[in-house]
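Visitor: structure here, sequence nowhere to be found:
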């Protein structure tokens, strides 16, 4: 799956009462990296979501990170998964599977907490879009719009993001906004860990 995201920072959230409501949830994402920040320097991310899902978000050539290759593992079935070796090879980290839990996996590969992103998210569906209203602790309010394509699909990122903006604007779901070309983890690092932020691979 190729995930195309458009992130906008806003002062206030739009009225979404006429949209299809999907869910409201609190999401706590813990990001990890090596001691020398090897992942963020190559535009890749390892994330633990709510101690339920482990995500690898892999850079596939877009430095704005509005699309990426995402691979997901169930937290309880993460141990000794053969797919990990190919993922680690692709990001330049030596693979070590001598572990019996996620915590020992982190320790064995000398991975540390890079950032913790704590947000309350309200999710809506509208046409082909998934619209998330995110109130991110110590960062701000954001609208995240998502559009998914099958692996291997040829597409123009600019055309798709323009389509997202048009749909949102024509349906009074956008007023004042600012495009954000970095993710929550980068926004957090920009404020709380400038050393790591300045090493990041994005534009």
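Guide: Thanks, I have the structure now. Quantities reported herein were computed from a predicted structural model and do not represent experimental measurements. Numbers count the residues shown, from 1 in each chain.

Visitor: show me the helices in this structure, by range?
Guide: Taking DSSP state H, the helices of the chain run over residues 38-41, 83-91, 102-108, 157-170, 184-192, 194-199.

Visitor: worst average pLDDT in these?
Guide: Set side by side, those give their lowest mean pLDDT on helix 83-91, at a mean of 73.

Visitor: contact partners of that helix?
Guide: Applying C-beta atoms under 8 Å, 6 or more residues apart in numbering, the contact partners of helix 83-91 are 38-39, 42, 44, 56, 58, 71, 73, 94-95, 97, 109. For every residue, glycine as well, the C-beta is placed using N, CA and C.

Visitor: so which of these is the closest to residue 193?
Guide: Closest approach to residue 193 among these (C-beta to C-beta): residue 39, at 13.8 Å.

Visitor: neighbours around that closest one, how many?
Guide: Neighbours of residue 39 under the rule other C-beta atoms under 10 Å: 25.

Visitor: for it, what are its contacts?
Guide: Going by C-beta under 8 Å, 6+ apart, residue 39 touches 32-33, 45-46, 91, 93, 114.

Visitor: among those residues, name the ones in strands.
Guide: 32-33, 45-46, 114 (DSSP state E).

Visitor: quick one: low-confidence parts of this protein?
Guide: 58-70, 76-82, 96-97, 201-203 (pLDDT under 70).

Visitor: go ahead and flag the most central residue of it.
Guide: The central residue of the chain, meaning the one whose C-alpha is nearest the mean C-alpha position (C-alpha atoms, centre = their mean), is residue 183 at 6.4 Å.

Visitor: apart from its neighbours in sequence, what residue is nearest the residue of the chain positioned farthest from its centre?
Guide: Most distant from the centre of the chain: residue 98, at 27.7 Å, with distances by C-alpha atoms, centre = their mean. The spatially closest residue to residue 98, leaving aside those adjacent along the chain, is residue 108, at 5.8 Å (C-beta to C-beta, 6 or more residues apart in numbering).

Visitor: check residue 124 too.
Guide: For residue 124, the closest residue by C-beta to C-beta, 6+ apart turns out to be residue 19, at 4.1 Å.

Visitor: okay, now that neighbour: neighbour count?
Guide: Residue 19 has 17 neighbouring residues, counting by other C-beta under 10 Å.

Visitor: relative to residue 198, how far out is it?
Guide: For residue 19, the distance to residue 198 (C-beta to C-beta, to the nearest Å) stands at 38 Å.

Visitor: for residue 137, same thing?
Guide: Applying C-beta to C-beta, one obtains 23 Å for the distance of residue 137 from residue 198.

Visitor: who has more neighbours out of the two?
Guide: residue 137 (13 against 10).

Visitor: now do the contacts for that one.
Guide: When contacts are counted by C-beta under 8 Å, 6+ apart, residue 137 is found next to 117-119.
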